[in-house]
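In: Here is a sequence with its predicted model. Questions after.
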Amino acid sequence: MLRRIKRYLRYEYLLFMRLKGNSIQIARGIAVGASINFIPSMGLGLLLAYFIAGLFKTNRTATLLSNMASKVGVPFFYAANIVLGDFLLGYEDEGLRALIGQPFRWQSVAQTGESFLLGAVVNTVVVGVLLYFVVLAGIRQYRQAHLKK
């Protein structure tokens, strides 16, 4: 099982690294496609990613592939949104705890929604920027190593 996962991840890595085009546009596309999953899109994530890819002049193939590949992490992304939002807003013992095992209170729901939206905006921007620089460095390193051959 672990071997299959490793092979799949290597396949995805090589798929991204072998995309044709400008490394900056590919890195931008991967960053946009993956980071857009922090925002609740109600099933329209691929369309939203495709539209934003056009605005940022990214490699749309990279955007769509990274969006689909990172869909697995959406529950974790949403939990991270709530945790970060609670931290930034100074809410204690709210967020995920308010949704699980606590008596229902409208105030908790409102605070969790507020935390979620703030966390989503911050996570989208921060993860997008960090991912852009990491992927850009990786693509450049990969291409430099493989173009010498």
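Out: Noted; the coordinates are in hand.
In: Can you name the residues that contact Phe133?
Out: Contact partners of Phe133, counting by CB atoms under 8 Å, 6 or more residues apart in numbering, are Ala27. Every residue, glycine included, has its C-beta placed from N, CA and C.
In: Report the contact partners of Val122.
Out: The neighbourhood of Val122, defined by CB under 8 Å, 6+ apart, consists of 84-85, 88.
In: Most neighbours among these, please name it.
Out: Within the contacts of Val122, Gly85 tops the neighbour count with 25 neighbours, counted by other CB atoms under 10 Å.
In: Mind telling me what element the residue nearest the centre of the chain is part of?
Out: For the chain, the residue sitting closest to the mean C-alpha position, by CA atoms, centre = their mean, is Ser35 at 2.8 Å. Assigned by DSSP states H and E, Ser35 belongs to helix 23-35.
In: which secondary structure elements does the very next helix or strand once past that helix contact?
Out: With elements assigned by DSSP H and E, the helix or strand that comes after helix 23-35 is helix 45-55. In terms of contacts (3 or more CB pairs under 8 Å, 6 or more residues apart in numbering; DSSP states H and E), helix 45-55 is packed against helix 23-35, helix 60-69.
In: Tell me the backbone dihedrals of the nearest residue to Ile24 once chain neighbours are set aside, please.
Out: Sequence neighbours aside, Leu136 is the residue nearest to Ile24 in space, at 6.6 Å (criterion: CB to CB, 6 or more residues apart in numbering). Backbone torsions of Leu136, given as degrees, to the nearest 10, read phi -60, psi -40.
In: do you know how far Leu136 is from Val74?
Out: 24 Å (CB to CB, to the nearest Å).
In: So between these two, which is more surrounded?
Out: Neighbour count, other CB under 10 Å: between Leu136 and Val74, Leu136 has more, with 17 against 14.
In: Cheers, nothing more for now.
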